[in-house]
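Enquirer: Got a sequence here, can you model it:
(one chain, ligands or ions: 1)
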Amino acid sequence: MATLSTTKASPSILGGVMIIGGTIIGAGMFSLPVVMAGSWFFWSLAALVFTWFCMLHSGLMILEANLNYRVGASFDTVTKDLLGKGWNLINGLSIAFVLYILTYAYISASGSVIHHTLSEMSIEFPARFAGLIFALVVAFIVWLSTRAVSRMTTIVLGAKILTFFMTFGGLMWHVEPATLLDSKSVNPSYLPYLFMTLPFCLASFGYHGNVPSLMKYYGKNPQTIKRCLIWGTGMALVLYVIWLVGSMGNIPRGDFIAIADKGGNIDVLVQALSGVLNSRALDLLLIVFSNFAVASSFLGVTLGLFDYLADLFKFDDSPKDRLKTALVTFIPPMLGGVIWPDGFIYAIGFAGLAATVWAAIVPALLAKASRRKFGSPIYRVWGGNKMIALIVLFGVGNAVIHILSSFNLLPVYQ
Ligand SMILES: N[C@@H](Cc1ccccc1)C(=O)O
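Expert: Have a look, this model is predicted:
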């Protein structure tokens, strides 16, 4: 029993699982059914599982490298030390780009969600301004304090999980096997459309900025943090699969062409779902859920961007400086939202393109370099060089796919 007094109690893994799960499950999931309509259910399922596997392991690689540094050392410190200034610059730029473009995506998404919610109540309100007002509210909360954000996030995340299960519990009852299996199509082809889904899967599984925060929270405790990553990403995977079944089991494959044509934003998707559901209660739940889903990632991601920019511009924590930081955080994406309110799907695709740098390629290089420099004595991801090569290939492959599809060189389901 003597050993008991020497072991320090570490916080339970639930908190870490929620941090990871809460960051991962966000607006990205609303892009999935729309971009996966071409490859439909089974191939999309394969893309999801493959992306989950790679993104889990790249997160573990960040952990492996991070463990060789003091608790509190950030992504920035580790990258600069292991890979040098050049890589660190590329890494930092890609992080800033992802956070900015996601903030824009959330403004566009929240505008669309609020527009849809109000029009259900027979109030006409332009999506552009709804997004702008929502962003101002979020900006105000972020400007107040980190504590305000964390309190709001807890409430919103709780509501998101609750309404998720209520909505999808209901949606599951409506699933039509013939719709889900696309059995009415004659000679369908799915495989050619598989590749373009990958950058969207990647964006939807992004959480990697949070790995150093977990080390701050749990200390150098690789087994606990590893369990948080496995459960957090696993929870997201299960939710995404349920979401695919719920949406593809209700909206026929052909109907997605019109949804994508209208910009593929959340209101169009939710409207299509409620059109087939014929249930007022479910319809309402779906609307409430989509509001919360967007709000929780919006808070989390903009807090990340806010802290990042404050550090970059050396703004301090006084109300005046926090206002400056809030301005640089929110003005550019807000302008984007007012000028192009419907760029949601594009934005998620570009988030995938940039996130591949810091969520796949750089983590693999970090693990490689930390093995060379320190031998990674505390913890090492399994699979040796083969795993590192797989993650680099996954990352580079995603970038190539996104660039090809931006130039219309990949088949599009239309
Ligand atoms: N996974 C988040 C987006 C994200 C990407 C990368 C890092 C953090 C968050 C979403 O689906 O909305």
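Enquirer: so which residue of the stretch 151-300 of the chain comes closest to the ligand?
Expert: For the stretch 151-300 of the chain and the ligand, the shortest gap (CB to the nearest ligand atom) falls at residue 206, measuring 2.2 Å. C-beta: built from backbone N, CA, C; applies to glycine.
Enquirer: Surely that residue touches residue 98?
Expert: Yes: at 7.2 Å, residue 206 counts as touching residue 98 under the criterion of CB atoms under 8 Å.
Enquirer: Now the common contact residues for those two.
Expert: Common contact partners of residue 206 and residue 98 (CB atoms under 8 Å, 6 or more residues apart in numbering): 351, 355.
Enquirer: who touches residue 130 in this structure?
Expert: 110-112, 114-115, 118.
Enquirer: before we move on, what about residue 320?
Expert: Residue 320 neighbours (CB under 8 Å, 6+ apart): none.
Enquirer: same question, the one 5 residues further on
Expert: In this structure, residue 325 makes contact with 306, 309-310, 313, 315, judged by CB under 8 Å, 6+ apart.
Enquirer: Excluding chain neighbours, give the residue nearest to residue 193 in space.
Expert: Leaving aside its sequence neighbours, residue 193 sits nearest to residue 38 (CB to CB, 6 or more residues apart in numbering; 2.7 Å).
Enquirer: those helices in the stretch 301-414 of the chain, which residues are they?
Expert: 319-339, 344-356, 362-374, 384-406 (DSSP state H, counting those that start in this stretch).
Enquirer: pull the CA atoms of the last one into PDB?
Expert: I take that to be helix 384-406. Only the C-alpha atoms of helix 384-406 are listed here, as PDB (Å, rounded to 0.1, in the frame of the first residue of the first chain):
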ATOM      1  CA  GLY A 384       8.200   2.100 -37.000                       C
ATOM      2  CA  ASN A 385       9.200   3.800 -40.200                       C
ATOM      3  CA  LYS A 386       6.300   2.100 -42.100                       C
ATOM      4  CA  MET A 387       3.800   4.000 -40.000                       C
ATOM      5  CA  ILE A 388       5.700   7.300 -40.500                       C
ATOM      6  CA  ALA A 389       5.700   6.700 -44.300                       C
ATOM      7  CA  LEU A 390       2.000   5.900 -44.300                       C
ATOM      8  CA  ILE A 391       1.200   9.200 -42.500                       C
ATOM      9  CA  VAL A 392       3.400  11.200 -44.900                       C
ATOM     10  CA  LEU A 393       1.800   9.500 -47.900                       C
ATOM     11  CA  PHE A 394      -1.700  10.200 -46.500                       C
ATOM     12  CA  GLY A 395      -0.800  13.900 -45.900                       C
ATOM     13  CA  VAL A 396       0.800  14.400 -49.300                       C
ATOM     14  CA  GLY A 397      -1.900  12.400 -51.100                       C
ATOM     15  CA  ASN A 398      -4.600  14.600 -49.500                       C
ATOM     16  CA  ALA A 399      -2.900  17.800 -50.700                       C
ATOM     17  CA  VAL A 400      -2.500  16.400 -54.300                       C
ATOM     18  CA  ILE A 401      -6.200  15.300 -54.300                       C
ATOM     19  CA  HIS A 402      -7.400  18.700 -53.200                       C
ATOM     20  CA  ILE A 403      -5.200  20.600 -55.800                       C
ATOM     21  CA  LEU A 404      -6.300  18.200 -58.600                       C
ATOM     22  CA  SER A 405     -10.000  18.700 -57.700                       C
ATOM     23  CA  SER A 406      -9.600  22.500 -57.500                       C
END
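Enquirer: list the helices and strands that helix packs on?
Expert: helix 40-66, helix 198-204, helix 344-356, helix 362-374 (3 or more CB pairs under 8 Å, 6 or more residues apart in numbering; DSSP states H and E).
Enquirer: and of the ones you listed, who's closest to residue 74?
Expert: helix 40-66 (8.8 Å; CB to CB).
Enquirer: That closest one near the ligand anywhere?
Expert: No: with CB under 6 Å from any ligand atom as the criterion, the ligand is not reached by helix 40-66; the gap is at least 9.4 Å.
Enquirer: Report the buried residues of that helix.
Expert: In terms of neighbour count (16 or more other CB atoms under 10 Å), helix 40-66 has its buried residues at 40-41, 43-45, 47-48, 51-66.
Enquirer: repeat for stretch 376-396
Expert: 376, 379-381, 387-388, 390-392, 394-395.
Enquirer: now stretch 203-218
Expert: For stretch 203-218, by 16+ other CB under 10 Å, it's 203-215, 217-218.
Enquirer: Now do residue 311, the pLDDT please.
Expert: Per-residue confidence (pLDDT) for residue 311: 79.
Enquirer: Could you count how many residues lie near it?
Expert: 12 (other CB atoms under 10 Å).
Enquirer: Kindly report the same for residue 169.
Expert: 13.
Enquirer: same question, the one 4 residues further on
Expert: The local packing of residue 173 (other CB under 10 Å) involves 11 other residues.
Enquirer: Distance-wise, check the residue nearest to residue 193 relative to the ligand.
Expert: 20 Å (CB to the nearest ligand atom, to the nearest Å).
Enquirer: I'd guessed residue 285 sits against residue 168; true?
Expert: No: look at residue 285 against residue 168 with CB under 8 Å: they stay out of range, at 9.3 Å.
Enquirer: low pLDDT regions in the stretch 51-200 of the chain?
Expert: By pLDDT under 70, the stretch 51-200 of the chain contains no weakly predicted segment.
Enquirer: Give the buried residues for stretch 108-122.
Expert: Result for stretch 108-122 [16+ other CB under 10 Å]: buried residues 108-117.
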